[in-house]
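Q: Quick check, what structure comes out for this input:
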Amino acid sequence: MLARLVYAWRNLTGPRGRREKKGLAKEMQWWPRERISDWQWAKVKELLKHAQSAVPYYQHLFTGLGIQAGDIRTWDDFAHLPILTKKDIQGNLDRLLARGARAVENQTGGSTGQPLRFYQDKEYTEWARVSVSWGFGLCGFKGGERQVYLWGSDHDARWHVSLKGRLRNLTHNIRFIDAFDITDRQLKRVAQELSRRQPDYIWAYASTLALLADQIAKDGLELHPKGVQSTAGTLYPSLRNKLERVFGKVVYDRYGCREVANIAHECNEHQGLHVFSAHNFVEIVGDGDLGLGKIIVTNLHNHAFPFIRYDTGDVAIWAGRQCGCGRSFPLLERVAGRTVEIITSPSGKLIDGEFFTHLFYKVKGVRRFQVV
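A: Below you'll find the predicted structure:
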């Protein structure tokens, strides 16, 4: 009850701008596609104009191409702009930062083996939070319900173990479990605890969910959540089948990255992943095997450090149809290219493969890494 009251109070008293963004996102998913496209194009034009006037990297790029931001008048024109790669970012960190920008540094260890540093401004951060809230909403989550995070990002974990984070977890009905610090014995205790507590929602890495499902099945336990969100790894059909056998048909796939936040999320129809078009414009470029192409993302809100036609390093395929839920946001059939394994250390600790990417969050000068 306390958690529900806290969520209700936050919704009433939280920043007005964020409340408006949440409202816009909820409405926009039902707009006609033409209206969504027009809204995104207005954001892209604004972003291009800003990039040319305030971002040295794009000033040089446009000069080299012999064009002005105003010359890009259609989506076809936009599709001819060069793709921004991780290598481009690594080599132009300062030049990609807008002059006079007020922003905070963020990092990704790089699930593709290419760590990055970059910057994000307040407008981006507000929209990133909205994108996460929108994804939770697609799972059916309502503020105050019991949540469990099986998470490992030290960027997030540090906050959860702070005094402020612990108090927030208590008042928001959140249980945080560090997925980067777990052994077979601890996993068994976690499975027993969750079976006893019966959380409403579980947010976790795909590989960690696989471990948990195996442990629950092995011990003959029961867990009946309303929703299970899988992220930071490809939810292959075999893994989905395993999770659904243990948790029921309440498994939701999420695709995102720290650079541009939530990119796409599954709804309760489970027919693909809806692109969160209020935050990112997504292209699928190139025709690979089975129609898969590179996922190219333009973030619509980060003016401090523009991600314009950014290559995420992952691949996907468009669904080519509308979801049965009726939402107009574009639908990805599936996302591929993300494979994260669980590694067992000599001492018996179970290490999510995502752990190694986080080792490079604060390390400068690393272009690519490999763990053997």
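Q: Regarding this protein, what is its longest helix?
A: Secondary structure of the chain read by DSSP state H shows that its longest helix is helix 33-54.
Q: Go through it and flag the buried ones.
A: 36-37, 39-40, 43-44, 47-48, 50-52, 54 (16 or more other CB atoms under 10 Å). The C-beta positions use only the backbone N, C-alpha and C, and glycine is treated the same way.
Q: Who are the packing partners of that helix?
A: Judged by 3 or more CB pairs under 8 Å, 6 or more residues apart in numbering; DSSP states H and E, helix 33-54 is in contact with helix 56-65, helix 75-78, strand 280-285.
Q: Skipping its backbone neighbours, what lies nearest residue 239 in space?
A: residue 210 (5.9 Å; CB to CB, 6 or more residues apart in numbering).
Q: For the helix or strand harbouring residue 203, what does the pLDDT average out to?
A: Element membership for residue 203, per DSSP states H and E: strand 201-205. Per-region confidence: strand 201-205 scores 92 on mean pLDDT.
Q: Could you do stretch 336-352 as well?
A: Rounded mean pLDDT across stretch 336-352 is 59.
Q: Stretch 122-130 now?
A: The pLDDT scores in stretch 122-130 average 95.
Q: buried set for that stretch?
A: For stretch 122-130, by 16+ other CB under 10 Å, it's 123-130.
Q: Which secondary structure elements does the strand ranked longest in the chain sit against?
A: Counting by DSSP state E, the longest strand found in the chain is strand 310-318. Packing contacts for strand 310-318, counted by 3+ CB pairs under 8 Å, 6+ apart, involve strand 251-257, strand 280-285, strand 293-299, strand 331-336.
Q: highest average neighbour count across these?
A: With neighbours defined as mean count of other CB atoms under 10 Å, the helices and strands packed on strand 310-318 peak in mean count at strand 251-257, which reaches a mean of 24.
Q: hey, where'd the helices end up in the protein?
A: Under DSSP H, the chain gives helices at 2-13, 16-28, 33-54, 56-65, 75-78, 86-91, 122-138, 154-161, 163-171, 184-197, 206-219, 237-247, 354-358.
Q: Which of the ones you listed sits closest to residue 99?
A: helix 33-54 (5.2 Å; CB to CB).
Q: Just want the angle from that closest one to helix 16-28.
A: 140 degrees (axes from the mean of the first three to the mean of the last three CA atoms, to 10 degrees).
Q: between helix 33-54 and strand 293-299, how big is the angle?
A: Going by the same axes, to 10 degrees, helix 33-54 makes 70 degrees with strand 293-299.
Q: any residues touching the longest helix of the chain, and which ones?
A: Residues from elsewhere that reach helix 33-54, judged by CB atoms under 8 Å, 6 or more residues apart in numbering: 28, 31, 58-59, 62, 68-70, 72, 75, 78, 98-101, 277, 281, 298, 300-301, 303, 306, 308, 328-330.
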